Each structure stands twice: as structure tokens, then as C-alpha cells.
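Peer 1: Pasting the sequence and the predicted model now:
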Amino acid sequence: MRKKEQKIVITFRTTAEAIALEAQCQKEGIPGRLIPVPRQISSGCGLSWAMPTDWEGDIGQWMENRGLRWEKYGEYLI
């Protein structure tokens, strides 16, 4: 079993929103990956983006500046 780590987790209403964020993050070198939504969170599409908490920047502002849509985000031990 993997050791749990504190991560920023972003959830989405649709799969298209999740894939759009993944594509933009890969394009700009933002660390993270798509994962199934952790049990302690509920989400519309079942996918979420997990990334390190030490990323320099405000992920909410970064997404907003690029016109990306999300449901909610926060830090979770996953």
C-alpha cells in the first residue's frame, strides 16, 4: 500500500473538464495526474486531478486565467 501524502485535489463536473485541465497542465509542465475521485470527496464525473501541495502558484487563479472549469479543489491526504 502506498504511503498517503497531502495533495491538492481538483474535481470536475464532466470528464471533458478533467481532460482539458490535464492537457493544459501537460502543455505547461504543471505536475500532477488524473486519478479516480478519492472516497472522502464527491464529484460529478468520477475523475480528479492530484498535484503536489508545494507547487508554486495559485492553482485556482491559474485555471481561471486559462478559462478552465472545475467543481472544487482543496488539500487532502490521499
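Peer 2: Nice, thanks for sending it over. The structure displayed is predicted, hence computed values, not measured ones. Numbers count the residues shown, from 1 in each chain.
Peer 1: Distance of D58 relative to Q6?
Peer 2: 17 Å (C-beta to C-beta, to the nearest Å). (Each C-beta comes from the backbone N, C-alpha and C, glycine too.)
Peer 1: And for K27?
Peer 2: For K27, the distance to Q6 - C-beta to C-beta - is 26 Å.
Peer 1: Let me know the helix or strand that the residue nearest the centre of the chain is in.
Peer 2: Note on the chain: the residue nearest the mean C-alpha position is W49, at 2.6 Å, using C-alpha atoms, centre = their mean. Element membership for W49 (DSSP states H and E) is strand 47-52.
Peer 1: tell me which residues in the helix or strand that that strand is followed by are buried?
Peer 2: Where DSSP H and E defines the elements, the next helix or strand beyond strand 47-52 is helix 59-65. Within helix 59-65, the residues that count as buried by 16 or more other C-beta atoms under 10 Å are I59, M63.
Peer 1: other SSEs contacting helix 59-65?
Peer 2: In this structure, helix 59-65 packs against strand 6-11, with contacts taken as 3 or more C-beta pairs under 8 Å, 6 or more residues apart in numbering; DSSP states H and E.
Peer 1: Now the strand it packs on: average pLDDT?
Peer 2: For strand 6-11, mean pLDDT rounds to 96.
Peer 1: Quick one: distance of the very next helix or strand once past it to the chain centre.
Peer 2: Moving toward the C-terminus from strand 6-11, the next helix or strand (DSSP H and E) is helix 15-28. Remark: helix 15-28 is offset 9 Å from the chain centroid, using C-alpha atoms, centre = their mean, to the nearest Å.
Peer 1: again, but for stretch 24-36
Peer 2: 8 Å.
Peer 1: What is the end-to-end distance of it?
Peer 2: Its start and end residues considered, stretch 24-36 measures 19 Å (C-alpha to C-alpha, to the nearest Å).
Peer 1: Can you give me the buried ones in it?
Peer 2: C25, I30, G32, L34.
Peer 1: Next up, the contacts around the residue nearest to the centre of the chain.
Peer 2: Applying C-beta atoms under 8 Å, 6 or more residues apart in numbering to W49 gives the contacts V9, I10, F12, A18, L21, E22, C25, G32, R33, L34, I35.
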